[in-house]
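[1] model the structure of this input:
(one chain, ligands or ions: 1)
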Amino acid sequence: MANVVILGTQWGDEGKGKIVDLIADRFDVVARAQGGHNAGHTVRIGDKKFILKLIPSGILRPGKKVVIGNGVVIDPAALLLEIETLEEAGVEVAGNVFISNRAHVIFPYHRMMEKATEQTPGKVRIGTTSRGIGPSYEDKVGRRGIRLADMLNGDTFREQFQANAVEKNLLAKALQIEETWDFDAIYDEYLGFAERLRPYVCDTAVYLQDALRGGKRVLFEGAQGTMLDIDHGTYPFVTSSNATAGGVCTGLGVSPVHVDAVFGIVKAYVTRVGGGPFQTEAEGDAAQRLRDQGGEYGSVTGRPRRCGWFDVPLLRYSNTINSFASLIVTKLDVLDGLETIPVCTAYRYKGEVLKGMPALSDVLEAVEPVYDERPGWQGATAGVTDYDALPEGAKDYLRFLSDQVDVEIGAISTGPERDETILMPDSTLAKLLK
Ligand code: IMP
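    Residues are numbered from 1 along each chain as shown. Reported below is the predicted structural model:
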């Protein structure tokens with residue numbers, strides 16, 4: 001009985017949503033460990049399309065249980081809206097969604113703080129999603145955060161909230177925030193949220209432990225991507241949580257002994273949203289072509305994604321941190337028709353080829369990618385479901401990537417639909433999904 005982790009290997013938006021949706025039927029529980037409503041993927045129910053940001057898409061499969069772990073930060077208004085939208089679409093939410101009592105809560109002042117700090121002159125602009133994610137994690141680590149368990153306990157909540165109100169007012173003055181907020185109104189509103197969320201809240205670590213002991217299969221779904229990880233990503237241009245394999249254990253209270261394998265989702269090219277180094281960023285028409293063909297606009301913020309070429313050193317580093325059993329390559333079809341495809345195989349800095357991934361973002365900004373121009377292919381990979389039916393050039397491209405990072409390819413996604421996927425029958429992925 002395998003429990004597996006699915007992670008983004010680059011800067012997020014690798015197409016985890018489709019893959020999780022595709023394989024969720026082989027699992028009993030889908031659990032999410034970190035991030036907040038900064039993540040998001042579009043899902044379709046019948047002819048309706050909407051974006052799930054907090055609730056794992058496994059909820060769309062009848063009978064599946066989904067868990068939002070302690071490592072996630074929760075905006076109750078966003079979460080309740082998702083619950084309502086799902087219920088309106090006929091999805092059974094009650095009894096299927098389990099939310100950690102230890103998850104921290106996002107308040108309106110977190111968003112305002114974020115806006116103010118992002119605009120502070122002289123501060124490095126991260127280009128965040130403006131959802132209050134970072135400030136909420138700051139309060140968590142600063143030991144003044146408010147968790148769902150606290151919010152559900154009237155006395156604790158009032159005291160904590162008042163202490164926060166005093167502090168945030170001082171901060172607002174120091175940051176010259178003009179906007180005022182009505183703490184009493186926020187408090188009352190959040191008391192209402194607490195009551196509506198109460199039926200879903202529990203100790204999800206215990207819930208998962210019982211599920212695992214009972215032989216249930218759990219799919220651990222990452223949010224964002226490895227290079228956005230607070231510890232291992234392109235700091236400070238990162239999100240505020242651990243988007244790597246370790247985050248699954250701390251963000252859900254699950255021991256690593258329960259994880260059988262980690263699978264990495266790899267886009268056939270690279271994108272990033274927000275600021276920060278992007279070693280293989282393409283420019284002009286080349287970037288626009290990838291953006292148009294790949295529909296590379298943020299699902300949460302609608303921002304155009306920065307687009308560029310496959311980065312082998314980045315994926316090697318991502319593999320160092322996560323130890324992938326197989327890679328799942330997505331959006332291969334976006335490269336259809338290109339004459340040649342640049343693949344970065346090394347970084348050069350001040351004339352020297354670098355070993356490993358520089359820790360300094362200034363160095364990453366300055367590295368010169370060493371490109372291997374791979375031949376493209378003329379036939380279409382779009383919609384192909386059988387590896388043998390891929391054009392030879394596409395097979396070469398995939399083999400090259402896999403050899404460069406020394407990790408097998410477990411699956412290839414050739415389009416947005418569930419069945420537009422090739423599963424490699426001899427891969428660890430295929431074996432563990434049996
Ligand atoms: P935050 O997570 O809103 O604090 O944003 C920090 C950085 O992470 C910004 O560059 C965001 O664009 C990026 N980011 C956060 N969530 C996602 C995601 O789901 N996909 C891609 N980028 C993300």
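
[2] gap between residue 404 and the ligand?
    To the ligand, residue 404 is 24 Å away according to C-beta to the nearest ligand atom, to the nearest Å. (C-beta placed from N, C-alpha, C; glycine too.)

[3] next: residue 308.
    For residue 308, the distance to the ligand - C-beta to the nearest ligand atom - is 14 Å.

[4] residue numbers of the stretch 151-300 of the chain in contact with the ligand?
    Those residues of the stretch 151-300 of the chain that sit near the ligand, judged by C-beta under 6 Å from any ligand atom, are 224, 228, 237, 239, 240, 273, 274.

[5] got phi/psi on residue 375?
    phi -70, psi 140 (degrees, to the nearest 10).

[6] so it sits right up against residue 393, yeah?
    Yes. Shown here, residue 375 and residue 393 form a contact pair, counting by C-beta atoms under 8 Å, at 5.4 Å.

[7] of those two, who's got more company?
    Higher neighbour count among residue 375 and residue 393: residue 393, with 20 against 13, using other C-beta atoms under 10 Å.

[8] ok so the more buried one is a helix residue?
    Yes. Residue 393: assigned to a helix according to DSSP: H, G, I helix; E, B strand; the rest coil.

[9] so the nearest residue to residue 354 once chain neighbours are set aside, which of the three states?
    Closest residue to residue 354 apart from its sequence neighbours, by C-beta to C-beta, 6 or more residues apart in numbering: residue 347 at 4.6 Å. Following three-state DSSP, we place residue 347 in the strand state.

[10] so who does residue 240 touch?
    With contacts defined as C-beta atoms under 8 Å, 6 or more residues apart in numbering, residue 240 is in contact with 133, 134, 136, 137, 138, 230.

[11] so which of those residues sit within helices?
    Using DSSP state H, the subset of the contacts of residue 240 located in helices is 133, 134, 136, 137, 138.

[12] among these, which are within reach of the ligand?
    Applying C-beta under 6 Å from any ligand atom to the ones in helices among the contacts of residue 240, one finds that 133, 134 fall near the ligand.

[13] could I get the ones in helices among the contacts of residue 240 in a markdown table, plus columns for neighbour count and pLDDT?
    A markdown table is the format used below for the ones in helices among the contacts of residue 240 (neighbours: other C-beta atoms under 10 Å; pLDDT from 0 to 100):
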| residue | neighbour count | pLDDT |
| --- | --- | --- |
| 133 | 25 | 97 |
| 134 | 25 | 97 |
| 136 | 25 | 98 |
| 137 | 23 | 98 |
| 138 | 16 | 97 |
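
[14] farthest pair within the ones in helices among the contacts of residue 240?
    Taking C-beta to C-beta as the measure, these span a maximum distance of 9.8 Å, between 133 and 138.

[15] ok so residue 98 is a helix residue?
    No. Under the criterion used here (three-state DSSP), residue 98 is strand, not part of a helix.
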